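*Asks:* can you look at this prediction? I've put the sequence above it.
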Amino acid sequence: MTNVIANGRIVADYRSANYTKQLKARYQAERRFMYYGIAAIAVALSMLAILVGSVVLKGYTAFYDTEITMTVMLDPQLIDPAGTRDSWTLRSADYQAVMRAGLYERFPTVTGRDERRQLAAMLSPVSAEDLQHIVLANPSLIGTKVTVSAPIASDIDQYIKGNIPHTTGEGGGRVSEQQGKWLEALSQDGVVHRAFNWRLFANVDSQQPESAGILGAVVGSLLTMMVTLCMSVPIGTAAAVYLEEFAPKNRWTDLIEVNINNLAAVPSIVFGLLGLAVFLNFLGLPRSAPLVGGIVLALMTLPIIIIAARSALKAVPPSIREAALGIGASPLQVVTHHVLPLAAPGIMTGTIIGMAHALGETAPLLMIGMVAFVGDVPGGVTDPASVLPVQIYKWAAQPERGFVERTSAAIMILLAFLVFMNAIAIYFRKKFERRW
Amino acid sequence: MSVQLRSQINEASGRAPARSATVPVKIAAENVNVYYGPKHALKAINLMIGEKQVTALIGPSGCGKSTFLRCLNRMNDTIGICRVEGLITLDRENIYDKSIDVVQLRARVGMVFQKPNPFPKSIFDNIVYGPRIHGLATTRDELDEIVQISLERAGLWSEVKDRLREPGTGLSGGQQQRLCIARAIAVSPEVILMDEPCSALDPIATAHIEELIDELRENYTIVIVTHNMQQAARVSQRTAFFHLGEMVEIGDTEEIFTNPRDERTQGYITGRYG
């Protein structure tokens, strides 16, 4: 640069080559910065795509399973030899034998004990349950032939889906060569077909992958979320309103504020330990219950809600408060009539995000026993229950191949819930955004 | 008592008595000091505000005129670090006395702010909010009547009568400010404090508000803070000049503007500083 000051005046030559060069460099820097940004977004998006893609690819097969359409004879000898037709007999009859008989009929050449066992193992034990339901609903069918869709055994299902290798011999392991041939024959008959896996949604957890479902976990999650919501929203909002609108600004409130922010950063497992020590051991609340899970998650969500609610309250312009005070509203009226309604969308958004956070939380719930096997849909907040992320955790630990795809499917369902909740949060934010 | 008080104050400040001795005193401030933390914002203010008169408070930015205005309905209470000393009386009652309920005080002393601040609710709800919380009216008919009277008073009725259900924030700036005045009137105050009510408005809207102030003078005592000296001259009967936290001079508006006693006042109104 040449001398900037000449004769006491500032000299600038905006047409000089020097200046043009500098200008160019400036634009280049700007463009570079833009590319960095685009690259960062591209990386983030591709990570997300890989994550979601792998989950979907692994899990989509869990939404259907393979069934065999079979016509079986409801043999009175097998079901109700005495002919009493009382419900206990009908309930406890060996329907598996009925299903087996149907298969043996299709493959009359299979006679050996070992071979027959292999053949029978192709059907899922669940198929007997389905048949039981049919008979219980209509006992007059006994003695006739009925056509049923029988779910195939999980290993065979995985074999068809290509998750268990089509190798023969010992390496193939779980599906024998014989079974492969029988399956081939059944396919030729045109009786093997895909069906929507409603068990995944309608059943509770099970040791057998083909009958394992998420209903229990979903209900458990809903109950837990209800407890969390009922606890954290009133307490969080009240704390935020007090701190923001009423509390004097002094060292104590500063300390409280700092600690609330710290609390938001405490690892969730610590909240689980707290729940274990206080709610289970000291207060004696029931183990594995959504009540305790909900309280623990509420403690964890509180700081998030308080922080969100405080910033929502802060965003309400002071002029509204002044206007209300100026016509003689009491401080409480100012808050309840004006400030809170205006801050409500922000508080709601914070709440939903906190809830989504809590919905995906696993670690603290493990500590309070929600990891136990629960074979029933919980009927209330004190019943033992599991929740979706814990269900995912448990299925991921199962060795059966069928649980792998169900794990991914459960992840998809959990993600769908989270996306849905976040969508609601965004909707509210857009809908009630700023009105002054 | 008011006359006695005035003479006391005049003696204290060593100035000649103001001419408007015929008007009864509505608000009297005696030796009022205000501190924001360590900052001494108002220094020994002595001031009388006559009933059913418009009193303008003028002065350069930061001189304390808004602070003084906000003392009159105790809006400064909401500022934690603010401390008010001295005596301010409304109808000879100390408004800082423990027996005075601040909610009641603010119902008697309404306020209009610098920036129009209607509630983000309908025009109707804006007006009826005050009467509702004070329990002035309960039936729908009464509320309707209050809305109409208040809006008529504020000169807004003809413009909004067909859209009372629409949000008050959808009005133009000048209309919003008149809505705020109507909202203040709706609780039937005795005094209306106006803190630079026209500073955010265009000249036409300003003229509207000024006309309105002139009409309201019939029924209300008005204290207006303004930066606009022409406005003070146009709307007020009395004018007080504030400078650096002191009340330099108060007198009839005409006199202040034509024949100021203090040279600081003269400097300000002739535009030498401020």
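*Replies:* Done, it's in. Numbering: from 1, shown residues only, chains lettered A, B, ... in the order given.

*Asks:* and the pLDDT at A:Met47?
*Replies:* With respect to pLDDT, A:Met47 scores 97.

*Asks:* count the residues that sit near the closest residue to B:Gly59 other than its chain neighbours.
*Replies:* In space, and not counting its chain neighbours, B:Gly59 is closest to B:Phe242: 3.5 Å by CB to CB, 6 or more residues apart in numbering or on different chains. The C-beta positions use only the backbone N, C-alpha and C, and glycine is treated the same way. Neighbour count for B:Phe242, taken as other CB atoms under 10 Å in any protein chain shown: 26.

*Asks:* okay, and the beta partners of B:Phe242?
*Replies:* The partner list for B:Phe242 in beta bridges (DSSP bridges) reads B:Met247.

*Asks:* for it, what are its contacts?
*Replies:* Counting by CB atoms under 8 Å, 6 or more residues apart in numbering or on different chains, B:Phe242 touches B:Leu57, B:Ile58, B:Gly59, B:Cys63, B:Gly64, B:Lys65, B:Phe68, B:Val248.

*Asks:* one more pass at 6 Å, please.
*Replies:* B:Gly59, B:Cys63, B:Gly64, B:Lys65 (CB atoms under 6 Å, 6 or more residues apart in numbering or on different chains).

*Asks:* need the three-state assignment for the second one.
*Replies:* It stands for B:Cys63. Of the three states, B:Cys63 takes coil under DSSP: H, G, I helix; E, B strand; the rest coil.

*Asks:* that one - nearest residue in space that isn't next to it in sequence?
*Replies:* B:Phe242 (4.2 Å).

*Asks:* now the last one
*Replies:* Distances taken as CB to CB, 6+ apart put B:Leu57 closest to B:Lys65, at 4.1 Å, once the chain neighbours are dropped.

*Asks:* determine the set of other helices and strands touching the helix or strand containing the one you found.
*Replies:* Using DSSP states H and E, the element containing B:Leu57 is strand B:54-58. The contact analysis (3 or more CB pairs under 6 Å, 6 or more residues apart in numbering or on different chains; DSSP states H and E) places strand B:54-58 against strand B:221-225, helix B:229-235, strand B:238-243.

*Asks:* pull the CA atoms of it into CSV?
*Replies:* Below are the C-alpha coordinates for strand B:54-58, written out as CSV (Å, rounded to 0.1, in the frame of the first residue of the first chain):
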residue,chain,number,x,y,z
VAL,B,54,-51.5,18.7,31.1
THR,B,55,-48.1,19.0,32.6
ALA,B,56,-45.2,18.4,30.3
LEU,B,57,-41.8,17.2,31.5
ILE,B,58,-39.1,18.1,29.1
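
*Asks:* and the next helix or strand after it, how far out from the chain middle?
*Replies:* Note on strand B:54-58: by DSSP H and E, the next helix or strand toward the C-terminus is helix B:65-72. Counting by CA atoms, centre = their mean, to the nearest Å, helix B:65-72 is centred 9 Å from the centre of its parent chain.

*Asks:* among the contacts of B:Phe242, who's most crowded?
*Replies:* Tallying neighbours with other CB under 10 Å puts B:Lys65 at the head of the contacts of B:Phe242, with 28 neighbours.

*Asks:* can you pull the pLDDT of that one?
*Replies:* pLDDT at B:Lys65 comes out at 89.

*Asks:* where does it sit relative to A:Ala409, distance-wise?
*Replies:* 70 Å (CB to CB, to the nearest Å).

*Asks:* contact residues of the stretch 251-400 of chain A facing chain B?
*Replies:* Contact residues (CB under 6 Å from any CB of the partner chain) of the stretch 251-400 of chain A with chain B: A:Ser319, A:Glu322, A:Ala323, A:Gly326, A:Ile327, A:Gly328, A:Ala329, A:Ser330, A:Gln333.

*Asks:* name the element the last one belongs to?
*Replies:* With elements delineated by DSSP H and E, A:Gln333 resides in helix A:331-333, which encompasses its position.

*Asks:* what does that helix contact?
*Replies:* B:Ile133.

*Asks:* avg pLDDT for it?
*Replies:* 92.

*Asks:* likewise stretch B:256-265?
*Replies:* Per-residue pLDDT over stretch B:256-265 has a mean of 89.

*Asks:* give the buried residues for that stretch.
*Replies:* Neighbour-count burial for stretch B:256-265, counted by 16 or more other CB atoms under 10 Å in any protein chain shown, picks out B:Ile256, B:Phe257, B:Pro260, B:Arg264, B:Thr265.

*Asks:* just how off-centre is it within its chain?
*Replies:* The chain centroid and the centroid of stretch B:256-265 are separated by 22 Å under CA atoms, centre = their mean.

*Asks:* would you list the phi and psi of A:Tyr64?
*Replies:* A:Tyr64 adopts backbone torsions of phi -130, psi 160, taken as degrees, to the nearest 10.

*Asks:* how about the one 4 residues further on?
*Replies:* Backbone geometry at A:Ile68, expressed as degrees, to the nearest 10, gives phi -110, psi 130.

*Asks:* so how many other residues sit close to B:Arg108?
*Replies:* The number of residues packed near B:Arg108 is 17, by other CB under 10 Å.

*Asks:* my read is that it contacts B:Glu190, right?
*Replies:* Yes. With contacts counted by CB atoms under 6 Å, B:Arg108 reaches B:Glu190, the gap being 5.1 Å.

*Asks:* how many residues are close by A:Asp130?
*Replies:* A:Asp130 sits with 18 neighbouring residues when counted by other CB under 10 Å.

*Asks:* show me which of the contacts of B:Phe242 is closest to A:Ala17.
*Replies:* B:Cys63 (54.4 Å; CB to CB).

*Asks:* tell me which residues of stretch A:44-58 come out buried.
*Replies:* By 16+ other CB under 10 Å, the buried positions in stretch A:44-58 come out as A:Val55, A:Lys58.

*Asks:* CA atoms of it as PDB?
*Replies:* Output of stretch A:44-58 as PDB, limited to C-alpha atoms (Å, rounded to 0.1, in the frame of the first residue of the first chain):
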ATOM      1  CA  ALA A  44     -23.400 -34.700   8.500                       C
ATOM      2  CA  LEU A  45     -26.100 -35.600   6.100                       C
ATOM      3  CA  SER A  46     -24.200 -38.600   4.700                       C
ATOM      4  CA  MET A  47     -23.500 -39.900   8.300                       C
ATOM      5  CA  LEU A  48     -27.200 -39.600   9.000                       C
ATOM      6  CA  ALA A  49     -28.000 -41.300   5.700                       C
ATOM      7  CA  ILE A  50     -25.600 -44.200   6.500                       C
ATOM      8  CA  LEU A  51     -27.100 -44.600  10.000                       C
ATOM      9  CA  VAL A  52     -30.700 -44.500   8.900                       C
ATOM     10  CA  GLY A  53     -29.900 -46.500   5.700                       C
ATOM     11  CA  SER A  54     -28.200 -49.300   7.600                       C
ATOM     12  CA  VAL A  55     -31.000 -49.500  10.200                       C
ATOM     13  CA  VAL A  56     -33.700 -49.600   7.500                       C
ATOM     14  CA  LEU A  57     -31.800 -52.100   5.300                       C
ATOM     15  CA  LYS A  58     -31.300 -54.400   8.200                       C
END
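
*Asks:* tell me the centre residue of chain B?
*Replies:* Central residue of chain B (CA atoms, centre = their mean): B:Leu193, 1.9 Å from the mean position.

*Asks:* where does pLDDT dip in the chain?
*Replies:* Chain wasn't specified; assuming chain A. Scanning chain A with the threshold set as pLDDT under 70 gives A:1-3, A:166-173, A:433-436.

*Asks:* you looked at the wrong chain, it should be chain B
*Replies:* For chain B, the stretches flagged by pLDDT under 70 are B:1-21, B:273-274.

*Asks:* and the helices in the stretch 101-250 of chain B?
*Replies:* B:102-108, B:123-133, B:140-153, B:157-160, B:173-185, B:203-216, B:229-235 (DSSP state H, counting those that start in this stretch).
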